[in-house]
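# Sequence and predicted structure below; questions after.
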Amino acid sequence: MRKRLIHKNNYKIYHRPYSELNVLEKKRVAEACFRKITVCALFLVIGICFLALYRILFLPRIFLEGSRVMKIEYQGQYIEPGFLSSYQGMDLSSKVKVSGEVDTSEVGSYPITYEVSYQGHFVSKTRIVKVVDSKKPKIKFLSNPDTLYICPNTKYLFDDYVAVDDYDGDITKEVKVKQSGDIVKYVVSDSSGNKVVKERKIYYKDIEKPTLELDSANVISLTVGDDFTDSMYQVSDNCDDNIKVKVSGEVDTSKVGSYVRNYVATDSSGNKTKIVQKVMVFEPTKKGVIYLTFDDGPRSGTTDIILNILKEKGIKATFFVTSGGPDDLIRRAYDEGHAIGLHTASHDYSVVYSSSDSYFNDLKIVSDRVEKVTGKKSMLIRFPGGSSNTISRKYSPNIMSYLTEEVLRRGYHYYDWNIDSRDAEGGRFTADEIANFVISNLSHDKVNMVLMHDTKVVTKDALAKIIDYGKNNGYEFDKIHLFTDMVVQHVNN
Ligand code: ZN
């Protein structure tokens, strides 16, 4: 009876429009629908379980190590993470065929397929390898990266930066530049969406000095009566076209002395560049004069005898001293009117030519000695080995090029020689031979700067003969004065 009634009621519900049903009837319809959906879902779950069970029991299986979707950086290396395959407890890994390639030089998705077939069953799996570019591009500034200085009254030309991406290459054109107030913002993204933002401060101000270069050397040697003309120069500036150069300082080539010329370039913002040129005016070249110079002393037993001979003959000479020997001999030479020059304290090539600092440190030691003994600072120099020596190359390439200019800048004058007595060649020559080397090279048409060594026994024996020959043949003898015209050799290092 109840069954029929329900059936009858349902029948009624099904044949009437849903909108005409009462609440109870609508609820019944909903319950009926829910039951049907539940039954369907149940069948679906059972179906999936059967399928899974079927696969487990009756199909080979592939297990991928690592993740199914992998990410690799552009230009990285793809290494197969590995896989296993089995069928009902049997290892089929060796039967798996792997196909697909990963090109890490190109951003993209690359499928790798793993396939195995066994006893008519075929199974495959796919791994996706994504080659990505996750590195940000770089913005590089060609000028100051923090602050941008632009010439006053000019516009920023957006031309002092580059943007480079490891994948896209040069993306300078993609850079967006925004200026607000005194801040400039640079933004750029690469094709993978990696974005970089940089900020700089901007000032309309010229902070750069003009560049100024003289066409002639910074130290110039002239002799009395020579013409001096101001050096030509090259000047340029980042902001100004018309840079004025002011030249000051007096040079009087009619008088010996050291003169200073100042070249000052100033731009319109007041930035200055100054070059100081030193001009030295030496005595006129004294042709036919013999300058006897004695290096490496003093030394007891030789220097004193040489001083005796010079005194007896009434000749003034020049002694380039070291730190050796007694102070008394330096004092005696000075008191008897000879010139005292500096030859360096150690005379050790490996020390004096190891660096310019080392040279000047060594020079200071002997300079202090001479000043202490004579009460006067000496500004006369002879380089050990002469300015043309090549042994210094072993310790410092180009050091002589630097030193020969630097000593002049510091107010020293250096003297090489043009006649070598060869008395330092280890006792190879007799006193007569040494005297003849000098005598045969003397000339009335040149300055005769004679190299000798007051540390050698043989030298004192040759000396009298040289002086007598000079006197008998119309030569004059003199010591080197501060502005005696320099005799210099060709610099080879
Ligand atoms: Zn020497």
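All right, it came through fine. Numbers count the residues shown, from 1 in each chain.
# For the closest residue to the ion within the stretch 301-450 of the chain, grab the count of nearby residues.
Proximity to the ion, evaluated over the stretch 301-450 of the chain using CB to the ion, is greatest for residue 384 at 5.0 Å. All C-beta spots, glycine's among them, are computed from the backbone N, C-alpha and C. Residue 384 has 22 neighbours, counted by other CB atoms under 10 Å.
# Secondary structure element holding the closest residue to it other than its chain neighbours?
Taking CB to CB, 6 or more residues apart in numbering as the measure, residue 384 lies nearest to residue 347, with 5.2 Å between them; neighbours along the chain are not counted. Under the criterion of DSSP states H and E, residue 347 resides outside all helices and strands.
# Pretty sure residue 347 sits against residue 325.
No: Residue 347 is beyond contact range of residue 325, at 11.9 Å (criterion: CB atoms under 8 Å).
# SS state for residue 423?
coil (DSSP: H, G, I helix; E, B strand; the rest coil).
# How about the residue of the chain found nearest the ion, nearest residue that isn't a chain neighbour?
Taking CB to the ion, the ion has its nearest neighbour within the chain at residue 295, 4.0 Å off. With CB to CB, 6+ apart as the criterion, residue 295 has its nearest non-adjacent residue at 4.8 Å, and that residue is residue 320.
# One more: residue 450?
Once its chain neighbours are removed from consideration, residue 450 has its nearest residue in residue 419; the separation is 4.6 Å (CB to CB, 6+ apart).
# Now do the one you found, the pLDDT please.
In the predicted model, residue 419 carries a pLDDT score of 98.
# And residue 427, by the same measure?
Note on residue 427: pLDDT of 83.
# residue contacts, it?
By CB atoms under 8 Å, 6 or more residues apart in numbering, the contact set of residue 427 is residue 458.
# Over to residue 256?
224, 281, 282, 283, 483.
# in terms of contact, does the second one touch residue 227 like I think?
Think residue 281. No: counting by CB under 8 Å, residue 281 does not reach residue 227; the two are 11.3 Å apart.
# Could you check which of those two is surrounded by more residues?
Regarding residue 281 and residue 227, a neighbour count based on other CB under 10 Å identifies residue 281 as having more, with 22 against 6.
# Which strands border the one helix or strand the more buried one maps to, and is each parallel or antiparallel?
Counting by DSSP H and E, the element that carries residue 281 is strand 272-282. In its sheet, strand 272-282 lies beside strand 219-223 (parallel), strand 257-266 (antiparallel), with partners assigned from DSSP bridges.
# Next secondary structure element downstream of it?
Defined by DSSP H and E, the subsequent element after strand 272-282 is strand 289-295.
# Okay, now the unreliable bits of this structure?
Of all residues in the chain, those with pLDDT under 70 make up the ranges 1-15, 56.
# where along it do the helices fall?
Along the chain, the segments classed as helices by DSSP state H run 2-14, 23-58, 303-313, 327-335, 349-352, 356-374, 399-409, 431-439, 457-472.
# now the ones you listed in JSON lines, with mean neighbour count and distance to residue 156?
Putting the helices of the chain into JSON lines (neighbours: other CB atoms under 10 Å; distance: least, CB to CB, whole Å) gives the following:
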{"stretch": "helix 2-14", "mean neighbour count": "10", "distance to residue 156": "81"}
{"stretch": "helix 23-58", "mean neighbour count": "11", "distance to residue 156": "67"}
{"stretch": "helix 303-313", "mean neighbour count": "18", "distance to residue 156": "73"}
{"stretch": "helix 327-335", "mean neighbour count": "18", "distance to residue 156": "68"}
{"stretch": "helix 349-352", "mean neighbour count": "18", "distance to residue 156": "54"}
{"stretch": "helix 356-374", "mean neighbour count": "17", "distance to residue 156": "44"}
{"stretch": "helix 399-409", "mean neighbour count": "18", "distance to residue 156": "42"}
{"stretch": "helix 431-439", "mean neighbour count": "19", "distance to residue 156": "73"}
{"stretch": "helix 457-472", "mean neighbour count": "19", "distance to residue 156": "74"}
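# could these go into JSON lines alongside distance to the ion?
Compiled in JSON lines, these are given as follows (distance: least, CB to the ion, whole Å):
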{"stretch": "helix 2-14", "distance to the ion": "131"}
{"stretch": "helix 23-58", "distance to the ion": "100"}
{"stretch": "helix 303-313", "distance to the ion": "14"}
{"stretch": "helix 327-335", "distance to the ion": "16"}
{"stretch": "helix 349-352", "distance to the ion": "10"}
{"stretch": "helix 356-374", "distance to the ion": "12"}
{"stretch": "helix 399-409", "distance to the ion": "15"}
{"stretch": "helix 431-439", "distance to the ion": "16"}
{"stretch": "helix 457-472", "distance to the ion": "13"}
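# For residue 491, which of those is the nearest?
Distance to residue 491, taken as CB to CB, is lowest for helix 399-409 among the helices of the chain, at 5.0 Å.
# how big is the angle separating that closest one from strand 257-266?
100 degrees (axes from the mean of the first three to the mean of the last three CA atoms, to 10 degrees).
# now stretch 445-459, how far from the centre of its chain.
46 Å (CA atoms, centre = their mean, to the nearest Å).
# Buried ones in it, by neighbour count?
If you call a residue buried by 16 or more other CB atoms under 10 Å, then stretch 445-459 has these buried ones: 446-456, 458-459.
# Widest-spaced pair of these?
Across those, the two members that end up farthest from each other (CB to CB) are 446 and 455, 27.0 Å apart.
# Compute the number of surrounding residues for the closest residue to residue 478 other than its chain neighbours.
Spatially, and ignoring its direct neighbours in sequence, residue 478 is nearest to residue 289 (5.2 Å; CB to CB, 6+ apart). Each residue near residue 289 was counted by other CB under 10 Å, and the total is 17.
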